[in-house]
Every structure is written in structure tokens, then in C-alpha cells.
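Student: Okay, here's the prediction I keep looking at, along with the sequence it came from:
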Amino acid sequence: MDQVITITMKNLEKNNMKTFFVGTKEEALAKILDSIPENATIGFGGSKTLKQIGVFAALEKKKYELLDWGMANSGEEAAEIRKQSLFADVYLSSSNAVTQDGKLVNMDGTGNRVSAITFGPKKVIIVAGKNKIVENEERAVERIRNVAAPATAKHFGKKTPCVITGKCMDCSSTDRICCTKVVHSWQKMPGRINVILVAENLGY
């Protein structure tokens, strides 16, 4: 195992976040499925990583209630599903960045993802590729502003300056997606936040 991943896992565990390491996205999917109890309600944070792993197709074959706001027919329905996800048994997401000193750093547009990771769902499963691991919180914010946010904004067809420049312009656009920053530096409830680190590049 890579020394950086070893250090990151050690510090996540130190910060009371249960951590696992897998080599491939296929192993990550198997670990996710093994970690979800039967008949669970499952909420989701918007995540390219989860799509790359094939989570949605796999879960649709199981007896789960999926609270997937990405399948909503309107903005109002999507908002309602995001709210319902706060009461889910399990919440699946990735993280914009994972620091070597054991923190999860995320920025949201509406705040639904950071809210659910922080409070509500009984169990949170975070999946992150090795490309998401950075040295510290400062580097995490740099990564979000200049890598993750521009790519995500472009993916969703947002009309933000970062889509054009490829880096954060600290804009006031109505399409801005980096509105709320949350740093999870310690988990109060043992076993609630589970982190799966994958030895592949996944997501933005």
C-alpha cells in the first residue's frame, strides 16, 4: 500500500472515521454493497465517483429505497428528495478532498451533501479515489477551487467563470456551486462515517 494512503488511513481512524482500502472500483462497489443492511433507505450526494463505480445500477437490483434526487422530474421534487435524504439509513457520497491528516473537506452549492454527511443519516459511506488525497486543509481548498469545482460546474452546464478559466475566480454568479465549505475533522459517533479509499483515480 502507498505510504500516503497508509498515513491518510491512520489519521482518519484516529479522527474516529472507520477506513477501508481497496485496489479497484469493482472492489469498492463490493465493499459498499456489503456495508448496507437489507431494506435500507439510501440517500446520495451528487458524485461522479459513485457513477464511475456503478453504484446506482447495482443498488437498483436490490431491495432498497433509493432517494436519488438526480432522477427527480423537477427542481421542487429534487429539493424534497434532498431533504428526505437527511433521514436515510445510509448516505453515499464522495468527498472533494481527503487530507493526509485525516479530514474530509467539501464545498457544496445547496448544502445538502455536507448537511447529510454532518448530521441525519445513521450511516455515511464516503468513497474517494487516490486523486482526492491531499497534504492538508489548505491544499484541499486549492484542489476544490481549481480542480473539482470547475470540472463539476462544466459537467452540469453551469455558466460560471471557472468553466472558462479552469480555476476559481471567486465569482458572484447565480450558478456558483462552491457556496458552503465544511471540514469534518473528527466524528463524534463511532462507526457513523466510513471512508473507502480506492487505489484508482475517480471523480473530479
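Tutor: That came in fine, so what should we check first?
Student: For this structure, just list every one of the helices.
Tutor: 3-14, 25-35, 48-53, 55-60, 75-84, 112-118, 137-143, 149-155, 161-165 (DSSP state H).
Student: List the buried residues of the shortest one.
Tutor: By neighbour count on 16 or more other CB atoms under 10 Å, the buried set for helix 161-165 is 161-163. The way it works is simple: take the backbone N, C-alpha and C, and place the C-beta from them, glycine included.
Student: How about the fifth one?
Tutor: Using 16+ other CB under 10 Å as the test for burial, helix 75-84 gives 78, 81-83.
Student: mind giving me TSV with those residues and columns for pLDDT?
Tutor: Shown next, in TSV, are the buried residues of helix 75-84 (pLDDT from 0 to 100):
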residue	pLDDT
78	92
81	95
82	96
83	96
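Student: Just name the closest of the residues you listed to residue 202, please.
Tutor: residue 82 (22.9 Å; CB to CB).
Student: I figured the closest one was touching residue 108, is that so?
Tutor: No: with contacts counted by CB atoms under 8 Å, residue 82 stays clear of residue 108, the gap being 10.6 Å.
Student: Include distance to residue 155 when you put the buried residues of helix 75-84 into TSV, please.
Tutor: Formatted as TSV, the entries for the buried residues of helix 75-84 read as follows, by distance: CB to CB, whole Å:
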residue	distance to residue 155
78	16
81	20
82	18
83	24
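Student: I am finished for the moment; much appreciated.
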